[in-house]
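>>> give the three-dimensional model of this entry:
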Amino acid sequence: MILFPGRHHLLTRFQAAYLRRLATAEEPIVWAVTSANHQNTKRNPVPFDRRQAAIERFSVVEGLRSLVVAVFDTAPTARFADVTLKTVEATIGRRPEPASCVVACSTPEVAAMYEALGFRIAGVELDAVPSAAERPWDVLLRLAAGDPSWRDLAHPATVDVYERYGLDELVRTVVNDPVVGDEGGLTTTRDYHTYAEAFEASAARKWEAARTHVRPGRIVDIGCGAGAVLALADAEPALRESDLIGVEVARHLFEECVHRKAQGGFANPNVYFYCRNVLGGAVFAPRSVDTTLTFALTHEIWSYGTGLASVRRFAEAIFEHTVPGGVWINSDVCGPDDPGRAVRLTLRTDDGANPARPRKDLENLPRDEVAGYVAGLSTRARLDQFAVDFRFPLPFVAVDGSTVELSLAAAMDFLTRKDYSDNWLSEAHEQFCGLSFASWAGLLADVGFEVSPASHAWRNDWIVEHRLRPVASLAAPDGAPIDWPVTHTLLVARRPLLGSYGPGRTGV
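Below you'll find the model as predicted:
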């Protein structure tokens, strides 16, 4: 028996000649295809079923008797060879033994594991003059680089399967990084130091909400901040073979990501960061991403774009770049279930200054001066100031000195932003309550996603207890108290395996 472990994304003419000399008619070649449950990543671009198809065709063409065994990825372990042997035994009913099996392997570290178990090693490319035996992975990289000589080195079985299934284009798409621009942030009024600290502090909570829904493969975090969530994903053993890709528009945060990677902040070598404005168009090729993560991003797309139209275009772009069966996990603020409901909002007036009228010149002042002024206002006075600086309509009617009547969505837009004095103008440029959970679910379904039952709206009770209840209260116009509404949403949207042809279209 010949045991041939490897990822086997590409087969070469050299391998064919080598195996013909090594094999006998009586004993099979057992192809232990490692990382068989991984695809669509830089380390594993080709799905297992296509790898198996090429191996089977290779074997028929070369007259070799072969058995193909799928070996799922495992966390790094010194017992990897033993895991592979057990998988082979479970699949074909017999365990390769050192007395009757040769291990064909050109990776010295892996070969050493089998050698320690008593197996003889056939070095494949290591047994040849290096220039005459290019490794399969190097041939695949030639393909990715657009070098047509890969066809001369690859076995015709691989070339045939690649051409029939479009795998050459898949390899080029996955292995090559997307071309990105070098653009600045969405707003010039944001204190990115404070912003990055807030994201770092909340990263664990965000990742914990998303991690069970993540599909391994090509994982993209759009609006990744300083890379805090990707650092947590990097620590997940189940994702060690995945590509982790961060996209960030703000150059300050993008540079933090690059610095983090340069300082060894990621164990996975396939971690990449790109500076790109997602409002500028598609970033990734169609059907090329397994999981898209967006945290606290979509309200910015709503706010700095053109509202619903921009969010819809963004959702359509994510649908297009998601592989069938892939997932978009979106965690963000959201509006209340009944955003247009009329409410009375009563605010404290004794917790700060109450100027006769709001200022209209904050846009022209230094950030620290703006922060100091806003921090000194009472909660009621901040509402007046917010109505001036907010880029969206915020109509309200004063009932008395401390109470106003307005819509529930308008009330929550103010209440969820009133304490951001350090980034007052930046926060006043964004609308949190543009979409309710029901509106989100409808939009995703209309685009073509299936909305998972795991999706839900929720209320941040810490904000309620520490930021809202001490200074504000809600009531109906008749005075009846109203409970605080939802403030956030988690949306888990999957692209269907069938019928996934985009907005308004179906298929089989």
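>>> which residues of the stretch 201-350 of the chain fall in helices?
228-234, 251-262, 298-304, 308-321 (DSSP state H, counting those that start in this stretch).
>>> so can I have JSON lines of these showing mean neighbour count, distance to residue 434 and mean pLDDT?
Using the backbone N, CA and C atoms, a C-beta is placed for each residue, glycine as well. Formatted as JSON lines, the helices of the stretch 201-350 of the chain follow (neighbours: other C-beta atoms under 10 Å; distance: least, C-beta to C-beta, whole Å; pLDDT from 0 to 100):
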{"stretch": "helix 228-234", "mean neighbour count": "23", "distance to residue 434": "23", "mean pLDDT": "95"}
{"stretch": "helix 251-262", "mean neighbour count": "18", "distance to residue 434": "23", "mean pLDDT": "88"}
{"stretch": "helix 298-304", "mean neighbour count": "22", "distance to residue 434": "5", "mean pLDDT": "92"}
{"stretch": "helix 308-321", "mean neighbour count": "19", "distance to residue 434": "7", "mean pLDDT": "94"}
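>>> go ahead and flag the most central residue of the protein.
residue 220 (2.8 Å; C-alpha atoms, centre = their mean).
>>> about what we covered before: make JSON lines out of the helices of the stretch 201-350 of the chain and add distance to residue 54.
Output for the helices of the stretch 201-350 of the chain, formatted as JSON lines (distance: least, C-beta to C-beta, whole Å):
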{"stretch": "helix 228-234", "distance to residue 54": "31"}
{"stretch": "helix 251-262", "distance to residue 54": "34"}
{"stretch": "helix 298-304", "distance to residue 54": "41"}
{"stretch": "helix 308-321", "distance to residue 54": "26"}
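>>> residue 288 is nearest to which of these?
helix 308-321 (5.7 Å; C-beta to C-beta).
>>> and the spatially closest residue to residue 449 that is not a sequence neighbour, what does it touch?
Computed as C-beta to C-beta, 6 or more residues apart in numbering, the closest residue to residue 449 that is not its neighbour in sequence is residue 493, at 3.7 Å. Taking C-beta atoms under 8 Å, 6 or more residues apart in numbering, we find residue 493 in contact with 327-330, 444, 449-452, 455.
>>> A strand includes residue 493, no?
Yes - under DSSP: H, G, I helix; E, B strand; the rest coil, residue 493 sits within a strand.
>>> just grab the bridge partners of it for me.
The partner list for residue 493 in beta bridges (DSSP bridges) reads residue 328, residue 451.
>>> quick check: it vs residue 450, distance?
Applying C-beta to C-beta, to the nearest Å, the value for residue 493 to residue 450 is 7 Å.
>>> what do you get for residue 486?
Distance from residue 486 to residue 450, by C-beta to C-beta: 22 Å.
>>> and the strands in the stretch 51-200 of the chain, which stretches?
66-71, 102-104, 120-122 (DSSP state E, counting those that start in this stretch).
>>> so which of those gets nearest residue 470?
The nearest among the strands of the stretch 51-200 of the chain, by C-beta to C-beta, is strand 66-71 at 57.9 Å.
>>> the closest one: which residues count as buried?
66, 68-71 (16 or more other C-beta atoms under 10 Å).
>>> in a helix, residue 20, correct?
Yes - secondary structure assignment places residue 20 in a helix (three-state DSSP).
>>> can you get me a residue count around it?
11 (other C-beta atoms under 10 Å).
>>> what about this protein, any weak spots by pLDDT?
The chain contains residues with pLDDT under 70 at 129-132, 177-199, 278-282, 499-508.
>>> what about 80?
25-26, 40, 74-75, 129-133, 173-174, 176-201, 251-252, 276-283, 498-508 (pLDDT under 80).
>>> which of the contacts of residue 493 count as buried?
Using 16+ other C-beta under 10 Å, the buried ones in the contacts of residue 493 are 327-330, 444, 449, 451-452, 455.
>>> would you map the strands across the stretch 351-500 of the chain?
Going by DSSP E, counting those that start in this stretch, the stretch 351-500 of the chain shows strands at 397-398, 403-407, 450-451, 456-458, 472-475, 488-494.
>>> who are the packing partners of the first one?
In terms of contact count using 3 or more C-beta pairs under 8 Å, 6 or more residues apart in numbering; DSSP states H and E, strand 397-398 is assigned the packing partners strand 403-407.
>>> pull the CA atoms of the strand it packs on into CSV?
Provided in CSV are the C-alpha atoms of strand 403-407 (Å, rounded to 0.1, in the frame of the first residue of the first chain):
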residue,chain,number,x,y,z
THR,A,403,-41.5,67.1,28.6
VAL,A,404,-41.7,66.9,24.8
GLU,A,405,-43.9,64.9,22.4
LEU,A,406,-42.3,63.2,19.5
SER,A,407,-42.1,59.8,17.7
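>>> parallel or antiparallel, which strands does it pair with?
strand 342-347 (antiparallel), strand 397-398 (antiparallel).
>>> name the residues that touch that strand?
Taking C-beta under 8 Å, 6+ apart as the rule, strand 403-407 contacts 339-347, 383, 394-399, 477.
>>> the helices in the stretch 351-500 of the chain, which residues?
Under DSSP H, counting those that start in this stretch, the stretch 351-500 of the chain gives helices at 367-375, 379-389, 408-415, 424-428, 437-447, 461-463.
>>> good, wrapping up.
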